[in-house]
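> Got a predicted structure plus its sequence, pasted below:
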Amino acid sequence: MSAPRRNLRSDGSATRARILESAGALFGSQGLAATTSKAIAAHAGVDLASINYHFGSRDGLYQAVLVEAHRRFIRIEELERISASEADAEDKLGALLDTIVGRISGDVHWGMTILAREVVAPSPHMSVLRDDEVPPKFHVVLRILSEITGIPPGTPELACCLISVAAPCAMLLIAGEHLPAPGRDVLQVDRRTLTGHLHRFALAGLHAAGQDYRSRNEENHAEFSA
């Protein structure tokens, strides 16, 4: 009696994955507003009830697609592995940037398109990333940036560092081949060279930010002591 139950669970997981993949492809190519549940069901080869059964609603399905898109872009396990490595903090940042550049410069996947669209024009469903999926990942990255700069976690100055490091990657994700010249020439740079360039610029800014933070703290301490 146990084998049929396992098979049912397996079939259910396969159906859910098929719906998710079909929805991602359609949301990516057509956008949220133009993609109907009926079209997704037809693409996945399931009935409409299956969407509600596995995701609750079309909105629930789109939120699941957003989460899957972000996980395909960068998984928390990848970040934790980089953070826990024996490499120094600067090399950890290099490994992180190489992973991101590899995803951006690789074959275009529906997840990349959906994420780029959400960054440019966020839907109400963006909250599932903002509140649930992204914060744990940012927390890991902030630890690495704190190691490099000496700026404590939880400070606005370290958050500024995160924005400065992430912004060039976000621009490449959003614009892609639609970058205006001369920015479009960046896409002709090979992965290793582009990663090295982003890494050098990031480190220069991070070291400067760390020095500025320490200098201001020393000045404040001197004023307080006086």
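It's in.
> what's the spacing between residue 158 and residue 115?
24 Å (C-beta to C-beta, to the nearest Å). C-beta here means a position set from N, CA and C on the backbone, and glycine is covered the same way.
> Spell out which residues sit in contact with the closest residue in space to residue 62 that isn't next to it in sequence, please.
Spatial nearest neighbour of residue 62, chain neighbours left out: residue 125 (5.5 Å); criterion: C-beta to C-beta, 6 or more residues apart in numbering. Shown in contact with residue 125 (C-beta atoms under 8 Å, 6 or more residues apart in numbering): 32, 59, 62, 63, 66.
> Can you name the residues that contact the closest residue to residue 57 other than its chain neighbours?
Leaving aside its sequence neighbours, residue 57 sits nearest to residue 51 (C-beta to C-beta, 6+ apart; 7.7 Å). If a contact means C-beta under 8 Å, 6+ apart, then residue 51 has 19, 37, 40, 41, 57, 58, 61 as its contacts.
> What residues does residue 137 make contact with?
Per C-beta under 8 Å, 6+ apart, neighbours of residue 137: 74, 76, 79.
> which is the next helix or strand following the helix or strand harbouring it?
Element membership for residue 137 (DSSP states H and E) is helix 134-149. Later in the chain than helix 134-149, the nearest helix or strand by DSSP H and E is helix 156-175.
> Over that next one, what's the mean pLDDT, rounded is fine.
Helix 156-175 carries an average pLDDT of 92.
> How far does that helix sit from its chain's centre?
11 Å (C-alpha atoms, centre = their mean, to the nearest Å).
> What residue spans form the domains of the chain?
2-56, 72-225 (automatic domain parsing).
> gap between the residue nearest to residue 62 and residue 96?
26 Å.
> ok, and the most crowded of the contacts of residue 125?
Comparing the contacts of residue 125 by number of neighbours (other C-beta atoms under 10 Å), residue 66 comes first, having 24 neighbours.
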